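Visitor: one predicted model, sequence on top.
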Amino acid sequence: AKPMLNNQAFMVLTLSKALLLTAKPLARPLRRPLARIPLSHSSVFSQHMRRPLSASAGRERGEARSNLPRESFRLSSENAQIRLLFDGDCPLCVREVDMLKRRSDERGGTIDFVDIASEAYSPEENQNIDFETAMEGIHGILPDGRVVQGIEVFKRAYDAVGLGWVYAFTQISPLRSLAEAAYSVWARNRLSITGRSDLGTILAEKKTCARTPSPSS
């Protein structure tokens with residue numbers, strides 16, 4: 001039970017920090033009084049509010065999307081309830097993944113794990129989710145080929161290993177929105193938080209490695 005408590009404490013600490021970061025911009029006073037902000041149809045605000053939600057906005061809320069054909073997609077285990085795409089170069093991510101792996105193995109492989117940092121990672125085998133997209137936020141793939149993102153991935157993964165109660169609070173809409181906002185802050189800052197290069201540098205390094213022939217060749 002002790003390792004589980006350590007992981008829960010780590011999750012609470014991470015979420016608390018993210019919530020504080022999220023609250024800072026919200027607490028800043030408006031530079032202009034609210035009454036002076038134009039609300040006409042020509043205003044930027046009005047255009048934004050009237051604009052339909054994009055596919056990426058839906059994915060940020062964790063809504064499932066489909067990359068057809070689904071018939072060609074298969075999870076590695078019949079027991080798997082979700083494929084979890086994780087960053088194997090992220091030390092904090094790996095710590096959580098290790099815990100999930102142990103519990104998944106105890107249940108016959110309820111999660112299919114794929115390391116996006118591996119040289120063997122193939123977007124074509126993972127609903128065309130390329131490395132850059134996967135690095136911008138956590139993704140999961142369901143048995144029917146649908147893709148989920150953000151908090152929905154954690155919710156389904158924890159449920160698959162018997163820890164669904166951890167994310168049960170996300171069934172409450174305001175708490176779900178708060179959790180999504182907190183995760184977005186973490187996702188945007190996790191590279192710097194873990195002492196790694198920015199995404200642009202990582203992508204450039206991967207391209208350089210891809211162009212450099214191996215000694216065996």
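Guide: Received the coordinates, thanks.

Visitor: which stretch of helix or strand covers the nearest residue to S118 once chain neighbours are set aside?
Guide: Nearest non-adjacent residue to S118, counting by Cβ to Cβ, 6 or more residues apart in numbering: G88, 6.3 Å away. Every C-beta, even on glycine, is put in place using the N, C-alpha and C of the backbone. G88 is part of no helix or strand, with elements assigned from DSSP states H and E.

Visitor: dump the residue contacts of G88.
Guide: 94, 115-118 (Cβ atoms under 8 Å, 6 or more residues apart in numbering).

Visitor: what's the mean pLDDT across the helix or strand M99 falls within?
Guide: Assigned by DSSP H and E, M99 falls within helix 91-106. The average of the pLDDT scores along helix 91-106 is 96.

Visitor: please save the CA atoms from that helix in PDB.
Guide: Provided in PDB are the C-alpha atoms of helix 91-106 (Å, rounded to 0.1, in the frame of the first residue of the first chain):
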ATOM      1  CA  PRO A  91      10.700  11.000 -15.600                       C
ATOM      2  CA  LEU A  92       7.500  12.000 -13.800                       C
ATOM      3  CA  CYS A  93       5.400  10.500 -16.600                       C
ATOM      4  CA  VAL A  94       7.300   7.200 -16.400                       C
ATOM      5  CA  ARG A  95       6.800   7.000 -12.600                       C
ATOM      6  CA  GLU A  96       3.100   7.100 -13.000                       C
ATOM      7  CA  VAL A  97       3.200   4.700 -16.000                       C
ATOM      8  CA  ASP A  98       5.200   2.200 -13.900                       C
ATOM      9  CA  MET A  99       2.500   2.200 -11.300                       C
ATOM     10  CA  LEU A 100      -0.200   1.700 -13.900                       C
ATOM     11  CA  LYS A 101       1.800  -1.100 -15.600                       C
ATOM     12  CA  ARG A 102       2.100  -3.100 -12.400                       C
ATOM     13  CA  ARG A 103      -1.600  -2.900 -11.800                       C
ATOM     14  CA  SER A 104      -2.400  -3.600 -15.500                       C
ATOM     15  CA  ASP A 105      -0.200  -6.700 -15.500                       C
ATOM     16  CA  GLU A 106      -2.000  -7.900 -12.300                       C
END
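
Visitor: about what we covered before: out of the contacts of G88, which is nearest to V147?
Guide: I116 (13.5 Å; Cβ to Cβ).

Visitor: do you know how far the closest one is from G162?
Guide: Note on I116: its distance to G162, by Cβ to Cβ, to the nearest Å, is 25 Å.

Visitor: those two: which has the busier surroundings?
Guide: The residue with more neighbours, out of I116 and G162, is I116; 22 against 12, by other Cβ atoms under 10 Å.

Visitor: quick check on the more buried one: phi, psi?
Guide: Reported as degrees, to the nearest 10, the phi and psi values for I116 are phi -70, psi -20.

Visitor: pLDDT score for it?
Guide: With respect to pLDDT, I116 has a value of 97.

Visitor: surely it and T133 touch.
Guide: No. At 9.4 Å, I116 and T133 do not qualify as touching, with contact defined as Cβ atoms under 8 Å.

Visitor: can you get me the start-to-end distance on stretch 182-201?
Guide: Using Cα to Cα, to the nearest Å, the end-to-end distance of stretch 182-201 comes to 25 Å.
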